[in-house]
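Participant: Got a sequence here, can you model it:
(one chain, ligands or ions: 1)
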Amino acid sequence: MSFPRPLRRSVSLSPARTLRLVVLGQSAVGKTALTVRFITRRFIGDYDPTLEMIYRHMAIIDGEMVHFEILDTAGQEEDSLQIEEKIKWGDGFAVVYSVTDRCSFDEVMRLCFLINHLHSSPKRSGGAEQPPVVIVGNKKDLQFDRMVSTEDGENLSKALKLPFYEISTRDSYEEPVAVFSSLYQELLRQGHFSPGSFKRRTVSKLMEKIPKMQASSTLNTAGRSLSFNSFRDYIPE
Ligand SMILES: Nc1nc2c(ncn2[C@@H]2O[C@H](COP(=O)(O)OP(=O)(O)OP(=O)(O)O)[C@@H](O)[C@H]2O)c(=O)[nH]1
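Facilitator: Numbers count the residues shown, from 1 in each chain. Alright, predicted model coming up:
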């Protein structure tokens, strides 16, 4: 379902579930393509390498209005503390690799351990559950360039006890939707949602190092609406 008007920070939203999702993975695995596909239905071939960006998007899932805030991280982090701050910000995580890039697959395990380590505080439901994480093997359309088999992905998924999706963001809209929907479903099951929309959070001064970019610019695409914000917009003045 789409919303006819762009969402801006000044808009007062009726209560909606807010999901803060973080898309992680090495550079060029398709994090931006995946996020934009989900939000706009379109596959857009080329992007500048992402610094970092938060995409806001409203959708109705199972009759519930859901407010997505999706942080599309930079594949090449300057230092590990920056990625840790972003992981702490998120409620759920898509860890993406490209089936054409073995190194990106090897990185998945490290990122999953980092997520679990940073979110293993007792504040989660009873302290027992880990945040929702899905492993995403992207670019399955590039069969001739494959370096990671489907079986490799499935084995990693079993070892880490995490859901696994092998997808082509280029060829499919439904597969990216399934990735984000599964994170929503798991967060719903855990009853763990972020506080109301557009509240700023205290984050480390480290985040000030991130350059401000395209804050509050808005894009309308085929009746869908979304707005972009730098992660830095969430830092108190
Ligand atoms: N064939 C194919 N190409 C894809 C697919 N998904 C993304 N790409 C391409 O892969 C390249 C990298 O995609 P991005 O979305 O910019 O990757 P990223 O992970 O956001 O990269 P960084 O911003 O550097 O971290 C682009 O040329 C995309 O068009 C896919 O499913 N199939």
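
Participant: So whichever residue of the chain sits closest to the ligand, which state does it fall into?
Facilitator: In the chain, the residue that lies nearest the ligand is residue 75 (2.7 Å; Cβ to the nearest ligand atom). C-betas here are computed from N, CA, C, even on glycine. Taking DSSP: H, G, I helix; E, B strand; the rest coil as the rule, one finds residue 75 in the coil state.

Participant: So it is in contact with residue 47, correct?
Facilitator: No: in this structure residue 75 lies outside contact range of residue 47 using Cβ atoms under 8 Å: 11.1 Å.

Participant: quick one: low-confidence parts of the chain?
Facilitator: Residues of the chain that meet the criterion pLDDT under 70 lie in 1-16, 50-51, 77-79, 121-128, 192-237.

Participant: The ligand contacts on that one?
Facilitator: Within the chain, the positions near the ligand by Cβ under 6 Å from any ligand atom are 25, 27-33, 45-47, 49-50, 74-75, 138-139, 141-142, 168-170.

Participant: Could you identify the buried members of those?
Facilitator: When neighbours are counted using 16 or more other Cβ atoms under 10 Å, the residues of the chain next to the ligand contain these buried positions: 25, 28-33, 50, 74-75, 138-139, 168-169.

Participant: coming back round to it: which strand or helix spans the nearest residue to the residue of the chain closest to the ligand once chain neighbours are set aside?
Facilitator: Nearest-residue entry for residue 75: residue 27, 2.7 Å, with adjacent residues in sequence omitted and distances by Cβ to Cβ, 6 or more residues apart in numbering. In this structure, residue 27 is located outside every helix and strand according to DSSP states H and E.

Participant: just residue 32 next, same as before
Facilitator: helix 31-40.

Participant: buried stuff in that helix?
Facilitator: When neighbours are counted by 16+ other Cβ under 10 Å, the buried residues of helix 31-40 are found to be 31-40.

Participant: And for stretch 162-178?
Facilitator: Those buried within stretch 162-178 under the rule 16+ other Cβ under 10 Å are 162-169, 175-176, 178.
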